[in-house]
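J.: Please find the sequence and the predicted model below.
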Amino acid sequence: MFGNIHKYIANSFCDSVIAPAIWVVGTQLYTVLKYVNPVNLQKKLLEIRKMEPEFSRQIRESNDKCLNAILKYGLKEIKLTVRRKSLPSWQEMAGKQYPKTFLTEVLRYLDEYNAVAASR
């Protein structure tokens, strides 16, 4: 995609980008762009990150409502048994491919999810 960005700009598909200035310089987009937005992306990302917990809560709530509607429509819910079959390889990779604490956290979230799903 990035290899074609000069072509897109030259053919008037777009005339600006939102990107760090160092990227614009590094890709030499400043030679073909018409506009620049000096927004502080890091500051904006930090602002967005502050909204993430509420956004995630709303997404989970909406997802639950949608799943309930799908089930009421008549679709049958199935339970995956991947965990039992995959757990040995997960444990083998823990500490090598990713931190052991990550596996512990994922398993905790799976347990929480399964407890809620079982109560439906």
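T.: Looks like it came in fine.
J.: Mind naming the longest helix for the chain?
T.: helix 41-73 (DSSP state H).
J.: taking the mean pLDDT, what do you get for it?
T.: Average pLDDT, helix 41-73: 90.
J.: you'd agree I18 is in a strand?
T.: No: assigned with DSSP: H, G, I helix; E, B strand; the rest coil, I18 falls outside any strand and is coil.
J.: Quick one: residues contacting it.
T.: Applying Cβ atoms under 8 Å, 6 or more residues apart in numbering to I18 gives the contacts N37, V39, L41. The C-beta positions use only the backbone N, C-alpha and C, and glycine is treated the same way.
J.: Model confidence for the residue lying farthest from the centre of the chain, exactly?
T.: Distance from the C-alpha centroid of the chain, by Cα atoms, centre = their mean, peaks at T31 (32.2 Å). On pLDDT, T31 comes in at 84.
J.: How much space separates it from P20?
T.: Here the distance between T31 and P20 works out to 17 Å (Cβ to Cβ, to the nearest Å).
J.: same thing with L75?
T.: 44 Å.
J.: Kindly report the same for L87.
T.: 41 Å.
J.: Which parts of the chain belong to which domain?
T.: Here the domain parsing of the chain from automatic domain parsing is 2-31, 40-77, 78-120.
J.: which parts of the first one are buried?
T.: Of the residues in domain 2-31, those buried under the neighbour-count criterion (16 or more other Cβ atoms under 10 Å) are I5, I9, V17, A19, V24, T27, L29.
J.: In JSON lines, list these along with distance to I48 and secondary structure.
T.: What follows is the buried residues of domain 2-31, written out as JSON lines (distance: Cβ to Cβ, whole Å; DSSP: H, G, I helix; E, B strand; the rest coil):
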{"residue": "I5", "distance to I48": "24", "secondary structure": "helix"}
{"residue": "I9", "distance to I48": "26", "secondary structure": "helix"}
{"residue": "V17", "distance to I48": "18", "secondary structure": "coil"}
{"residue": "A19", "distance to I48": "16", "secondary structure": "coil"}
{"residue": "V24", "distance to I48": "21", "secondary structure": "helix"}
{"residue": "T27", "distance to I48": "24", "secondary structure": "coil"}
{"residue": "L29", "distance to I48": "24", "secondary structure": "helix"}
